[in-house]
Structures are given as C-alpha cells and as structure tokens.
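Engineer: Fold the following, please.
(one chain, ligands or ions: 1)
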Amino acid sequence: MPFKRFSRRQFGKIAGWSALGTSVLPAGSGLAQSDADTAARNRKPLPGFPSDFLWGTATSAYQIEGSVHEDGRGPSIWDRFAEKPGAIADNSNGDIATDHYRLYKQDIQLMKTLGAKAYRFSIAWPRIFPDGAGAPNPEGLDFYNHLVDELLANGIQPFATLYHWDLPQTLQDRFGGWTSRDTSKAFADYAAHVTARLSDRVKHFFTINECSRLVHLGHEYGADAPGLKLSPSDVKQVRHNVALGHGLAVQAIRANGQAGIKVGPAENAVSCIPAVETPANIRAAELATRELNAGYLTVMLEGKYTDAYLAQAGKAGPKYTAEDLRIISSPIDFVGLNVYMPDHYVVAADNERGFTLAPFPKSFPHMKATWLRPGPETMYWVPRHVAKLWNVKSIYITENGTSGSDQPAADGTIYDVDRIMYLRNYLTQLQRATSEGVPVHGYFLWSLMDNFEWSDGYQERFGLYHVDFETQRRTPKLSASFYRETIARNAVA
Ligand code: GBH
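Structural biologist: So this is what the prediction gives:
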C-alpha cells in the first residue's frame, strides 16, 4: 500500500493535480479498493487479440537490400550522405546491407518460421525511376514483382511503403529534393507507376514513412540524408511539401490502383501519455497530441493547420493554397503508426494550451539506443488518441521494436530477454487497446532482422534474427521464439 506513505496533499502534488487547482481524489479515496480491483484483474488471463489480427514484421529497402548498383538502380540521397566522413557512426553504408536483394527467398522463409502473415517492406524509388522521374526502369520493378509473388506463394500479405527515405539523388540535385513541391509531384508520379503495376497483388500501400523524422533529422539537424540544416521557415516548407507529397500520392494510388486497395501514411506520431490517468490529464494528452502533430497527422486528417501552429510559426509559416490542404487531407483508409517510445508525459494545466509537458528526469531508463525510452503505455495511448481525436476506423502498428546488445551466450544463443521484456510489455498494452475496441488491425514488428540503422550504421541491432554482416548468416534470437509463440497463441506469450 505505497499510497499510505503520502499525505493527500503530497500525493496530489506528485500526481500533478495541484497544477489543476482542484483535487481529483474523491472523499474517502477508495484507493485500497481500487488496488484490490487491480490485483483481481491481474489474476485473470488477459484476453487474446481479435481473431483476424494481422501479425507481421517490417523492414525498409535501403536498410536491407544492398545491391545498390544492380539492375539499373540510380543513386539515392542515402548513398550520397553515407559518403560524408562522420555521417555514419561506423563509416558504413547500405551497399551490401543484409544482401536481401539476393537473399529475399530465404528471408521470406524466416517470416514463415515465425508464423507471420504479413510483411511491410519499402520500395526503393531509385530502382523504379533511377533519375527520380522520366524513364522508368522495368528491371527495378521486377525485383518487387518477384518479392510479392514469393510472399503470396508463402501465404504472407505484402504491405508496401512507397517512401522510406531513399530519395533519388537526381531529385535532390535538380530541385533541392523536398524543399521543392516538384518532388511532391514526382513522388505522386512514381506512386502511380508502382500501384498500376503491383496493385493486382499488393492491396495495402503506405505513402511516406515517418514524415517528421525525414523533415527534422534530414532537413533541420542534418543527422539524416540529405544532411541539411535549414532555417525554421524552410523546415516548415519542407514539412508542408512532404505532407503534400503524401496527399498527392494518396490520389495517385486511388486513380491507378485496382478497386479495393487501401492506402494510408506510416507516421511516428508525437506520443503524449497522461502522466497519471485522470480524465483531465487524458483530455490534456489528447490536446497535446493534436497540437504536437499539427504539421503531420492533424493536417492530414483535419485538412487544416491548427491556429496555434500557424500563430507560433508567424512569418516563418509554410506557404500553401486551400487546394493544397484539400489534397493533403485526401481520405485515407487507415493510419499506420510507428510506436517506439513516449515522447511526452502530459499533465493538465490551467494555461493557454491546456497542458504541461513533464520534463524527463535524468533517471528515466533507456534501451540500448539512448533515445529509446521504454514506456509500454505509449502503445495503448497513441492508437487510442488517434482513433478518438479523428474518428479513425482502422489502424496498423507499422513498427515497434528495440535494439539490444545481443551478445551470444556460452551456448551460442542470443538470450535477448531485454527485447522480450520490451515487446511483452508493449504488446500487453496493445492488447489493452484492442480489448477496449481501439481499432488496431495489425502489428508489424521492427525488425525481421538486424540491418543498416541509418546514421548508427550496423551498431544498433533491431532484428528478431541476428545477422552476421560478414557471412550474411541469419540466426534467430530468443525473441524470435517469443514472437512465434505470441503469433501462435494470438495473445502475449
Ligand atoms: C524508425 O524510426 C524507422 O522507421 C526505421 O527505419 C528505423 O530503423 C527504426 O525506427 C529504428 O530506429 O536524433 O538520436 O535522438 C524510429 C523513430 C525517431 C528513432 C527519431 C530515432 C531520433 C534519434 N526515430 N529518433 S536521435
């Protein structure tokens, strides 16, 4: 009974209620009672996931394919960026990566072993249009034709992402990449070309992976390709052009795809967790979610930038037309969410915004990657907020996972119990969401196998399968067993 140690006033402070100026704790607080309820609930076995829940794994082209000069592929901004001294922690690049371009059949067997029924991969734009636009390269598309056929032959549904950051270098050189809306238009042309050729077999398309990361890390901090450090107003324009590219692609996919195909973004929404679950804090976390995703999900789903976003941007705001906003908010069929960590713990506040973002204490834990703060409840709140705020009827968790040190033990096994701990807790929270009716229809674990982790090179391993980058040998980690068992039971193992 840890609560007994606090006076009611102290506890109110800790919970952030004093910031509200009211006490949410009812008279005769009943805390002992609710403790007992929790204990009783925990004794019952958790319900499983919905019977048609789709389990899968996720990867992206540049992180796994290698073969960057094969079959007419053009250079991408990541090939160029990786050449810069110091850009990649271990001075590596994606030239070989996990050699998936050649080993894809074997990799599909790894998915099959897990019992996974879906696979999220990305298509490399520079394979399809080596110059970004103009003449298509049929040999580049052939790789994805073979990949899709092999997936279907093995009972695995393909979910294709059109843009996972590997912009054709030519577009960077010619237009300044995403700083120009010419790139947004070229993206739509590429999306049209691909869907016309794959949508007889691929029924789900994601437009852009994590708009915010490509905007911020690529164009503001220079930590990702193309390595730019633009002014605040230019960053806002890039953000707008990326959102426009998403909307134009949605329209192009519908116009060129077969009837019944489904399309949506794969966003890493800024995640806002009520620090303590009170109605006021939950509301505050919803407000924060809407404001902090203003340039991404909010504009995609509402067709306008929030007043606060525009007011805060002032003269540095993006230039756009009403037509742009209509395009950006073209109807989508689902929202894909990459969920890794809590971005903010939120407390209700009597200020203009209606919320306070709690600073992270130095003692907050992290996984192997220092940015990856484990907060399993983010897996409950993000889909719940998205469903509630925008009445979204279908959600896929398009990524979730963690890196680990993954050292083999004396018997050769990688007992990655830290990854299992992380996954078990996040999936338990996902189960809470689905059992409450939050419409999450599938989950793609990041990642099938260790791969090129962008500016961290090969030093951060996210895979269920360990990859020896010298020999390309794949070995299941213990977490692969955990995931196989979870899929088999359709409940957290
Ligand atoms: C995803 O991004 C990517 O889609 C995927 O390609 C990647 O491999 C995977 O996650 C694992 O990272 O500037 O050092 O503070 C994950 C979300 C958000 C993670 C931004 C890195 C910033 C790191 N990313 N975050 S840092």
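
Engineer: Return the residues of this protein in contact with the ligand.
Structural biologist: 60, 209-210, 213, 217, 223, 268, 338, 340, 371, 399, 446, 453, 462 (C-beta under 6 Å from any ligand atom). Using the backbone N, CA and C atoms, a C-beta is placed for each residue, glycine as well.

Engineer: can you rerun that using 5 Å?
Structural biologist: Trp371 (C-beta under 5 Å from any ligand atom).

Engineer: Just give me the residue closest to the centre of the chain.
Structural biologist: Asn338 (2.1 Å; C-alpha atoms, centre = their mean).

Engineer: Does that residue touch Asn400 like I think?
Structural biologist: Yes - Asn338 is in contact with Asn400 according to C-beta atoms under 8 Å; the separation is 7.3 Å.

Engineer: Look up the residues that both of the two are in contact with.
Structural biologist: Trp446 (C-beta atoms under 8 Å, 6 or more residues apart in numbering).

Engineer: ok, which stretches of this protein are strands?
Structural biologist: For the chain, the strands defined by DSSP state E occupy 54-58, 118-122, 157-163, 204-209, 262-267, 272-274, 335-338, 344-348, 355-358, 395-399, 440-446, 465-468, 473-476.

Engineer: Tell me the strands beside the third one, with direction?
Structural biologist: Spelled out, it's strand 157-163. strand 118-122 (parallel), strand 204-209 (parallel) (DSSP bridges).

Engineer: which residue does this protein bring closest to the ligand?
Structural biologist: Going by C-beta to the nearest ligand atom, the ligand is nearest to Trp371 of the chain, at 3.9 Å.

Engineer: which one of the strands of the chain lies closest to Val148?
Structural biologist: For the strands of the chain, distance to Val148 was read as C-beta to C-beta. The smallest value, 4.9 Å, belongs to strand 157-163.

Engineer: Can I get that closest one in CSV, CA atoms only?
Structural biologist: Listed next in CSV are the C-alpha coordinates belonging to strand 157-163 (Å, rounded to 0.1, in the frame of the first residue of the first chain):
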residue,chain,number,x,y,z
GLN,A,157,0.3,-10.5,-47.4
PRO,A,158,2.5,-7.7,-48.8
PHE,A,159,2.2,-4.2,-47.3
ALA,A,160,4.3,-1.8,-49.4
THR,A,161,5.7,1.5,-48.2
LEU,A,162,6.4,3.8,-51.1
TYR,A,163,8.9,6.1,-49.4
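
Engineer: Could you tell me how far it lies from the centre of the chain?
Structural biologist: Relative to the centre of its chain, strand 157-163 is centred 13 Å away, using C-alpha atoms, centre = their mean, to the nearest Å.

Engineer: Is His286 in contact with Ala387, as I believe?
Structural biologist: Not quite, residue 286 is Glu, not His. No - counting by C-beta under 8 Å, Ala387 is not a contact partner of Glu286; they are 11.0 Å apart.

Engineer: re earlier: okay if I get the strands of the chain as CSV plus distance to Leu171 and mean pLDDT?
Structural biologist: Output for the strands of the chain, formatted as CSV (distance: least, C-beta to C-beta, whole Å; pLDDT from 0 to 100):
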stretch, distance to Leu171, mean pLDDT
strand 54-58, 25, 99
strand 118-122, 17, 99
strand 157-163, 12, 99
strand 204-209, 14, 98
strand 262-267, 20, 98
strand 272-274, 34, 98
strand 335-338, 24, 99
strand 344-348, 34, 98
strand 355-358, 36, 98
strand 395-399, 24, 99
strand 440-446, 27, 99
strand 465-468, 31, 98
strand 473-476, 34, 98
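
Engineer: just the helices in the stretch 51-200 of the chain please.
Structural biologist: 61-64, 77-82, 100-114, 125-128, 138-153, 169-175, 181-198 (DSSP state H, counting those that start in this stretch).

Engineer: Quick check: end-to-end length of stretch 399-409?
Structural biologist: 28 Å (C-alpha to C-alpha, to the nearest Å).

Engineer: what's it in contact with?
Structural biologist: 58, 120, 266, 268, 338-340, 367-369, 372, 374, 379, 414-416, 418-419, 422-423, 426, 443-447, 450, 453, 460-462, 466, 477.

Engineer: which of the residues you listed count as buried?
Structural biologist: 58, 120, 266, 268, 338-340, 367-369, 372, 374, 379, 414, 416, 418-419, 422-423, 426, 443-447, 450, 453, 460-462, 466, 477 (16 or more other C-beta atoms under 10 Å).

Engineer: in the chain, which ranges drop under the pLDDT threshold?
Structural biologist: Applying pLDDT under 70 to the chain flags residues 1-46.

Engineer: How many residues are close by the closest residue to Ala61 other than its chain neighbours?
Structural biologist: Using C-beta to C-beta, 6 or more residues apart in numbering and skipping residues adjacent in sequence, the residue nearest Ala61 is Ala124, 4.0 Å away. Neighbour count of Ala124, defined by other C-beta atoms under 10 Å: 26.

Engineer: if I pick Ala124, what's in contact with it?
Structural biologist: Counting by C-beta under 8 Å, 6+ apart, Ala124 has contacts 61-62, 65, 73, 76, 140, 166.

Engineer: Could you identify the most distant pair in these?
Structural biologist: Tyr62 and Gly140 (13.7 Å).
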